[in-house]
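**Student:** Quick one: sequence plus predicted model below, questions after.
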Amino acid sequence: MPPVLLQVVALVLRYRPSVTCSPVLGALISQFLGPSTNLSLREAASFGSTRLLDWVWDASCTSEASRTPGWSLHNYLRSEPYYHHYQFQEALQVVAKRGELEMLQWLFGHFQGLEVPSEAVTKAAENGHLPVLKYLLEHDQGRGVRHELKEVKVGSDGFADSVPVMPPDWRGPGNVVRWGGHAIRNAVLREHHDIARWLLDNTPHQLDERERNGILEAAVKGGNFELARSLLPLDRGVGEYVSRWMKIAVVEQLMETTDVLKKDQEFAAMMLWNAALEGNLDLVQRIAKLHERKKKKNDEWLERWEWGIGDACKRGDLPMVKWMIEHPTGRGICADIQNGRRHSEYFDDAAAGGHIEVLEYLFTQGFTDLKAHALFNAEREGHLDTVKWLRDRFSSYKEFNSTDYVVEEAAKNGHFEILKFFHDLVPSQHVTGEKKSKRQRTEQTTDWWKRSTEAMNEAASNGHLEVVKWFQATRSVSCSTKAMDGAAGNGHLDMVKWLHENTTAGCTVRAMDVAARNGHLDMVKWLHENTTAGCTTNAMDTAAAKDHLEMCKWLHANRSEGCTVQAVEYSIGHLRLGSWLRSHYPEIQSSDNRLWLYPRNLFDALLFLEANYPKVFTPEFARGTRSDLSYEYSNGSDALVEAWLNEKYPGQPTQEKKFRLWTAL
């Protein structure tokens, strides 16, 4: 493998002849400055630079014998056939999604005799990149040969690919492309109808019935009736391919061209809700009229009507709310709500949006807020006028504990004016006789402040410094350790400093642990220098899980807690961090008998484990991992990972999979 020399290094050395005595000096400096040895071709492709791809390619060994000592992904790109193909497929999906034709040309120029996955075609199609699709078709070496269908499953989505049947010894030149109906369907779903039409007219894939139905449903849903009719079987109509989620403009077309909304009450109910959701009262009325003579309405019709009222309340759409409630169907629903046969959040939803006009109308219809849910929603969203309106209408609540969290939520969200409003409702201690209800109201006002400490903690955790200062000065409230713990975890350094100087609560190990997990290095340094609580192994374990390499380095250099095996296990897939852990904590190794987590860069992670943890990556481990991959975790290019494991570690696992109970991060 020839040494790689960065142009900037060559330029500097040209003007420093005194340091050019060694022929390898430039290459060594370039290696130090250049891309990480943990950078895969797929990751490099995401930067959109062919020069970076050149670097990774030129730095990669061409044979197993020429691999460099130590760990490097560059040892495998051109010397491990399965990984070579895997990175080609993964990088293709990146550039196809981004529509980068120059990058695509680079990949086709450096890889030969391989298969372009249909996932790459799909990503280009659903993102509207016709030039990429045309390039793939033009350079598809399998276009003129016989194709056979193969079932493919990516996640929960199953589909069929048209795969060219090439000679067994074919190794190029060029590459072949797998085409499929999945790309056509996704193009239609994303409304790239021209691309869907182009794929149908130009690619060798023949649709099966399942694919045709999926494309038809997508076309009807998007209102492309022309495309839908071109695919319709002779004995079927467009109305037979309607779906539950359709644009209002499409529903309008259906009403004009089919009778499906009149025939199918369940479908009509869903479309009525869609129309209510978008505020189209005219369409709601027209759909309702289609079924007004039907005395018995099915449960779905009533449920969607109820949903429509709720969504109108959320938007503050008073005309829609009034019409739907005053319609006989709405009257029946409201009667059920009042009698306890149905549950409604209309009042709560209107309050969350600050829609006082809707609240006033609902109030006249008998809706109330006896449990303070509407009040809670209004103050959570910062609607002071709505909070005042609710306080004027409801002098007491059925359950005092229903109001416990009102002030806490206002403090959590930093709604200073709402807090001051509640503070100004000064209770009277001498209310008697006919003013008993007023006393109940003022007693409850006091009750709202029962969780003042929790409220101050929440304000601190969310960085609302002025609110915290106000609580201390006005309400004579003290916070707990949760205040500084929460503020530290969320990176609010000014808040932590103020709490440290003005309160005595202090913090716990959770402050530094969570700050480390969330990557707040300045916070961790400050806590280390100014507090005595310290941290636990969770600090580095969770920092490793979140790929905070600099945090792990600092903790290792300045703290003594270290980490546990969870750092190694959680960091799987973070190769730079994994390499660092292997170097500094070589004694920590997993005892699992198969891969414990499946990261996005699965093949990279397995190569890393094989090279760096031979006591972990045993034949039993490899066989168990392949078994799990086959039955549980397979995804697209992972078929190449399975093939690699099967070739190197044939046979079946002999041990049962160990049960893991993962700690929530």
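**Tutor:** That came through, no problem.
**Student:** on contacts alone, who are the packing partners of the strand or helix carrying residue 151?
**Tutor:** Secondary structure assigned from DSSP states H and E places residue 151 in strand 147-154. Here strand 147-154 touches strand 157-164, going by 3 or more Cβ pairs under 8 Å, 6 or more residues apart in numbering; DSSP states H and E. (C-beta placed from N, C-alpha, C; glycine too.)
**Student:** What strands line up against the strand it packs on, and which way round?
**Tutor:** Sheet pairing of strand 157-164 (DSSP bridges) gives strand 147-154 (antiparallel), strand 179-180 (antiparallel).
**Student:** and the shortest one, average pLDDT?
**Tutor:** What that stands for is strand 179-180. In this model, strand 179-180 has an average pLDDT of 93.
**Student:** Now do the next helix-or-strand element following it against strand 147-154: the angle between them, please.
**Tutor:** Downstream of strand 179-180, the next assigned helix or strand under DSSP H and E is helix 181-189. Counting by axes from the mean of the first three to the mean of the last three Cα atoms, to 10 degrees, helix 181-189 points 60 degrees away from the direction of strand 147-154.
**Student:** How far does helix 181-189 sit from its chain's centre?
**Tutor:** Computed by Cα atoms, centre = their mean, to the nearest Å, the chain-centroid distance of helix 181-189 equals 22 Å.
**Student:** quick revisit: who touches the strand holding residue 151?
**Tutor:** Defining contact as Cβ atoms under 8 Å, 6 or more residues apart in numbering, one finds that strand 147-154 is touched by 118-119, 158-165, 179-180, 182, 204-206, 208, 634-636.
**Student:** filter these to the buried ones?
**Tutor:** The neighbour count (16 or more other Cβ atoms under 10 Å) marks 118-119, 159-164, 179-180, 182, 204-205, 634, 636 as buried among the contacts of strand 147-154.
**Student:** which pair in those residues spans the largest distance?
**Tutor:** The span of those, defined through Cβ to Cβ, is set by 204 and 634 at 25.7 Å.
**Student:** Ranking helices and strands of this protein by mean pLDDT, which lands last?
**Tutor:** helix 436-447 (a mean of 52; mean pLDDT, DSSP states H and E).
**Student:** and for the helix or strand following it, what are the contacting residues?
**Tutor:** Downstream of helix 436-447, the next assigned helix or strand under DSSP H and E is helix 452-461. Contact with helix 452-461 is made by 407-412, 414, 467-468, 471-472, 475, 477-480, 482-487, 489-490, 492, 495, 499, as judged by Cβ under 8 Å, 6+ apart.
**Student:** Going through the residues you listed, which ones are buried?
**Tutor:** 407-412, 414, 467-468, 471-472, 475, 477, 479-480, 482-487, 489-490, 492, 495, 499.
**Student:** In CSV, list the C-alpha atoms belonging to the strand holding residue 151.
**Tutor:** Extracted in CSV, the C-alpha atoms of strand 147-154 (Å, rounded to 0.1, in the frame of the first residue of the first chain):
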residue,chain,number,x,y,z
HIS,A,147,-34.4,-11.8,-14.0
GLU,A,148,-35.9,-13.8,-11.2
LEU,A,149,-37.9,-12.6,-8.2
LYS,A,150,-36.4,-12.8,-4.7
GLU,A,151,-38.2,-11.9,-1.5
VAL,A,152,-36.6,-9.2,0.6
LYS,A,153,-37.4,-8.1,4.1
VAL,A,154,-36.1,-4.8,5.6
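**Student:** Quick check: mean pLDDT of that strand?
**Tutor:** 82.
**Student:** ok, now stretch 629-648?
**Tutor:** 82.
**Student:** other SSEs contacting the helix or strand containing residue 270?
**Tutor:** Using DSSP H and E, residue 270 falls within helix 265-277. With contacts defined as 3+ Cβ pairs under 8 Å, 6+ apart, the packing partners of helix 265-277 are helix 248-257, helix 260-263, helix 281-290, helix 299-315.
**Student:** Would you mind putting these into a markdown table with distance to residue 590, mean pLDDT and mean neighbour count alongside?
**Tutor:** Output for these, formatted as a markdown table (distance: least, Cβ to Cβ, whole Å; pLDDT from 0 to 100; neighbours: other Cβ atoms under 10 Å):
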| stretch | distance to residue 590 | mean pLDDT | mean neighbour count |
| --- | --- | --- | --- |
| helix 248-257 | 53 | 83 | 16 |
| helix 260-263 | 57 | 84 | 16 |
| helix 281-290 | 58 | 94 | 17 |
| helix 299-315 | 48 | 94 | 20 |
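**Student:** now these as a markdown table including distance to residue 332?
**Tutor:** Below are those laid out as a markdown table (distance: least, Cβ to Cβ, whole Å):
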| stretch | distance to residue 332 |
| --- | --- |
| helix 248-257 | 25 |
| helix 260-263 | 22 |
| helix 281-290 | 13 |
| helix 299-315 | 8 |
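**Student:** how about those helices, which one is nearest residue 647?
**Tutor:** Going by Cβ to Cβ, the one of those nearest residue 647 is helix 248-257, 50.5 Å.
**Student:** Now do that closest one and helix 265-277, the angle between them.
**Tutor:** 140 degrees.
**Student:** List of residues touching helix 248-257?
**Tutor:** Here helix 248-257 makes contact (Cβ under 8 Å, 6+ apart) with 220-223, 225, 238-239, 242, 246, 260-261, 271, 274-275, 278, 280, 283, 286-287.
**Student:** change it to 7 Å
**Tutor:** Contacting residues not belonging to helix 248-257 are listed as 221, 223, 225, 239, 242, 260-261, 271, 274-275, 278, 280, 283, 286 [Cβ atoms under 7 Å, 6 or more residues apart in numbering].
**Student:** Could you identify the most distant pair in those residues?
**Tutor:** 239 and 278, at 21.3 Å, using Cβ to Cβ across the contacts of helix 248-257.
**Student:** check which helix or strand covers residue 77.
**Tutor:** Applying DSSP H and E as the criterion places residue 77 outside every helix and strand.
**Student:** how close does the closest residue in space to it that isn't next to it in sequence sit to residue 53?
**Tutor:** Closest residue to residue 77 apart from its sequence neighbours, by Cβ to Cβ, 6 or more residues apart in numbering: residue 60 at 4.1 Å. The gap separating residue 60 from residue 53 is 11 Å, by Cβ to Cβ, to the nearest Å.
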